[in-house]
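# Structure here, sequence nowhere to be found:
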């Protein structure tokens, strides 16, 4: 089993839709979690951290489920500009090295 | 407040040549990570450095690849005797000290080996 797994998609949704991605991780000792966004041929950019209590930033909501070992990202009222690849990142306890998922591709169409 | 800088942005080399990729971290960041991303694939960790010190190079191929982060100047990822399979985007990220700190990425260097 891969350390961090994501459905590669693509998720193809109309503007205004709500879309959710999950990311599963295998190491139960994982301590910190992030969502990054990567546009085509660009660098990853931090979207948001994922806290145990959940985290909301405008139209974006991230949640952590430790019991089932997954994190989720919910995007409400999708915009065309949300089209990108969303990377799940997990830091395991005691490790300096984050593990990146391969990303989930989102395409928002008019 | 400059972000992470990488140069060159694009680098073309012929097989057997050397490639040198540079990364200047964000101001105040003392930790640098190098990643490689192949087309349609995820980011793969290569090496983690602090000033004058390699902390973890478990993701770096044992041969031809080396990295440094000197006391003065940028971090350098060096690939000797490049092969076509080295063609990829190489990203550098920097962070403040700490396990869970967020990483900030540079724009990457796209290496093409002819």
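Yep, that arrived. Being a predicted model, the structure only gives us computed values, none of them experimental.

# host element of the residue positioned nearest the centre of chain B?
For chain B, residue B:34 is the residue whose C-alpha lies nearest the centre (Cα atoms, centre = their mean; 3.5 Å). Element membership of residue B:34 [criterion: DSSP states H and E] is strand B:31-37.

# Show me what counts as buried in the helix or strand following that strand.
Past strand B:31-37, further along toward the C-terminus, the next helix or strand under DSSP H and E is strand B:43-50. For strand B:43-50, the neighbour count (16 or more other Cβ atoms under 10 Å in any protein chain shown) marks B:43, B:45-49 as buried. Glycine gets a C-beta too; all of them are placed from N, C-alpha and C.

# Can you sort out which of those residues also neighbour chain A?
B:43, B:45, B:48 (Cβ under 8 Å from any Cβ of the partner chain).

# show me what contacts the second one?
For residue B:45, the set of contacting residues under the criterion of Cβ atoms under 8 Å, 6 or more residues apart in numbering or on different chains consists of A:97-100, B:33-35, B:58-59.

# Please pick the buried ones from the residues you listed.
Counted by 16+ other Cβ under 10 Å, the contacts of residue B:45 give A:98-100, B:33-35, B:59 as buried.

# now the residues you listed as JSON lines including pLDDT and distance to residue A:83?
JSON lines is the format used below for these (pLDDT from 0 to 100; distance: Cβ to Cβ, whole Å):
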{"residue": "A:98", "pLDDT": "86", "distance to residue A:83": "24"}
{"residue": "A:99", "pLDDT": "89", "distance to residue A:83": "25"}
{"residue": "A:100", "pLDDT": "91", "distance to residue A:83": "20"}
{"residue": "B:33", "pLDDT": "95", "distance to residue A:83": "27"}
{"residue": "B:34", "pLDDT": "97", "distance to residue A:83": "28"}
{"residue": "B:35", "pLDDT": "96", "distance to residue A:83": "23"}
{"residue": "B:59", "pLDDT": "92", "distance to residue A:83": "30"}
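
# Looking at those, which one is closest to residue A:69?
For those, the closest approach to residue A:69 (Cβ to Cβ) belongs to residue A:99, at 13.0 Å.

# Tell me the bridge partners for the closest one.
residue A:90 (DSSP bridges).

# Any idea how far the lowest-mean-pLDDT helix or strand in chain A is from the middle of the chain?
Every helix and strand of chain A was ranked by mean pLDDT, DSSP states H and E. The lowest is strand A:98-100, at a mean of 89. How far strand A:98-100 lies from its chain's middle: 12 Å, per Cα atoms, centre = their mean, to the nearest Å.

# what's around the closest residue to residue A:27 other than its chain neighbours, how many residues?
Leaving aside its sequence neighbours, residue A:27 sits nearest to residue A:92 (Cβ to Cβ, 6 or more residues apart in numbering or on different chains; 4.7 Å). Residue A:92 sits with 20 neighbouring residues when counted by other Cβ atoms under 10 Å in any protein chain shown.
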